[in-house]
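>>> Could you look at this predicted model? Sequence included:
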Amino acid sequence: MRKLFFLLLLVSVLLAGCTASPPVGPGSDSPPTPSTGETITVDMVAQKFEFIPGTITANQGDTVILNITSTDVEHGISIPEFGVNTTIPAGQTVTVEFVADQAGTFPFSCSVFCGGGHGNMKGTLIVNP
């Protein structure tokens, strides 16, 4: 009889756990839904007056991690559609992370004046659906 009681108790607990739903939507205390894509890590160089590589490709839903090293002077990177605007001090590496949650072709550029060719320091982020 005792075994049957514990077996029924165990089944009840398991079923209760399977049917419970966490709170969702505005006002809930649940954390944001994590990315369902892959993690793409790109080692990038920022130097007068280019980003290497100049084109980054990801899939929608991917988490993109950029490890950007400035090899000469202070630079920056701006990707407005993903809320990225970061300064990269001369001789240092900065890590930028964001979720590519929208598909399309997005320009990025240096956001810190770095000399006469600053306006040409651009690149492209391609996010495939």
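Okay, I see it.
>>> which residue ranges form the helices in this protein?
2-19 (DSSP state H).
>>> Contacts only, for the nearest residue to Pro89 once chain neighbours are set aside.
Spatial nearest neighbour of Pro89, excluding adjacent residues (C-beta to C-beta, 6 or more residues apart in numbering): Glu74 at 5.5 Å. The way it works is simple: take the backbone N, C-alpha and C, and place the C-beta from them, glycine included. Glu74 makes contacts with Thr87, Ile88, Pro89, Ala90, Val112, Cys114, as judged by C-beta atoms under 8 Å, 6 or more residues apart in numbering.
>>> Please report how far the first one lies from Ile52.
Pointing back at Thr87 there. Distance, Thr87 to Ile52, by C-beta to C-beta, to the nearest Å: 18 Å.
>>> what's the answer for the fifth one, then?
From Val112 over to Ile52 the distance is 17 Å, taken as C-beta to C-beta.
>>> Between those two, point out the one with more neighbours.
More crowded of Val112 and Ile52, by other C-beta atoms under 10 Å: Val112, with 19 against 12.
>>> I'd assumed Thr87 was in contact with the more buried one.
Yes. Assessed by C-beta atoms under 8 Å, Val112 is found in contact with Thr87 at 5.7 Å.
>>> Between those two, which contacts overlap?
Joint contacts of Val112 and Thr87 (C-beta under 8 Å, 6+ apart) are Glu74, His75, Gly76.
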